[in-house]
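Undergrad: What follows is a protein structure lacking sequence information:
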């Protein structure tokens, strides 16, 4: 699997420079944790990698589309069931696995419930299962454990370890324990010499 490489990437919004001459390498098939204070450019970096934003300079090498993501917001179809939210994005041959993945995340009794009726933590687990079953070598996780209690977070961490082997994971978190549980590498974006 190819490494994901950023070379001299620049990104600005009007007069605000978010990334300046930013270069890094994410090893293929491994998990890298991206850490740093709010506003340092972590989410912008992920959006550039996902192709949701275009860099103003530099280049991103080694990307292969599609990619999968857990965003800071769940971005679920609120009127669809938990199961339908997952099967809507996974390849046809993986659809039979969807119920098993949701059950592994403690959602076995809520498979057919509309997502709008679920708690915030349950919705988060649906979003995680959906991203894991979506196609793509790269899986982006932007604060994926938000809203989960300690026991549920431990279960989701174990689930991710079991079901993401061989994929390139980019994990944004402020919690060193989450990093230590999942990541082989850390990118510290603070202090950020590339910011203004």
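TA: Now that the structure is in, tell me what you want to look at. This structure is a prediction, so every number in the text was calculated from the model and none was measured.

Undergrad: Give me the most central residue, this structure.
TA: residue 141 (1.7 Å; Cα atoms, centre = their mean).

Undergrad: show me what contacts it?
TA: Neighbour list for residue 141: 69-70, 131, 160, 169-172 [criterion: Cβ atoms under 8 Å, 6 or more residues apart in numbering]. Any C-beta I mention is one placed from the backbone N, CA and C, and that applies to glycine too.

Undergrad: Next up, phi/psi of it, please.
TA: The phi and psi torsions at residue 141 (degrees, to the nearest 10) take the values phi -120, psi 100.

Undergrad: Report the beta-bridge partner residues of it.
TA: Per DSSP bridges, the residues bridged to residue 141 are residue 70, residue 171.

Undergrad: What of residue 25?
TA: residue 5.

Undergrad: May I have the distance across stretch 159-179, first residue to last?
TA: 15 Å (Cα to Cα, to the nearest Å).

Undergrad: Count the residues that sit near the residue nearest to residue 10 when sequence neighbours are not counted.
TA: By the measure of Cβ to Cβ, 6 or more residues apart in numbering, the closest residue to residue 10 outside its immediate chain neighbours is residue 57, 3.5 Å from it. Other residues within reach of residue 57, judged by other Cβ atoms under 10 Å, total 14.

Undergrad: so what's residue 57 up against?
TA: Counting by Cβ under 8 Å, 6+ apart, residue 57 has contacts 8-10.

Undergrad: At which residues are the strands of the chain located?
TA: 4-13, 16-26, 31-35, 57-61, 68-70, 138-142, 168-172, 185-188 (DSSP state E).

Undergrad: rewinding a little: ranking by neighbours, what's the top pick from the contacts of residue 57?
TA: residue 9 (22 neighbours).

Undergrad: hey, what's that residue bridged with?
TA: According to DSSP bridges, beta-bridge pairing links residue 9 with residue 22.

Undergrad: wait, doesn't it sit right on residue 58?
TA: Yes. Between residue 9 and residue 58 there is a contact under Cβ atoms under 8 Å: 3.7 Å.

Undergrad: Any chance you could list residues touching both of those two?
TA: Common neighbours of residue 9 and residue 58 (Cβ under 8 Å, 6+ apart) are 21-23.

Undergrad: For PyMOL, write the select line for the buried members of the residues you listed.
TA: The PyMOL selection below is limited to those of those classed as buried (16 or more other Cβ atoms under 10 Å):
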select buried, resi 22
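
Undergrad: for residue 50, what are its contacts?
TA: Contacts of residue 50 (Cβ under 8 Å, 6+ apart): 67, 69, 140.
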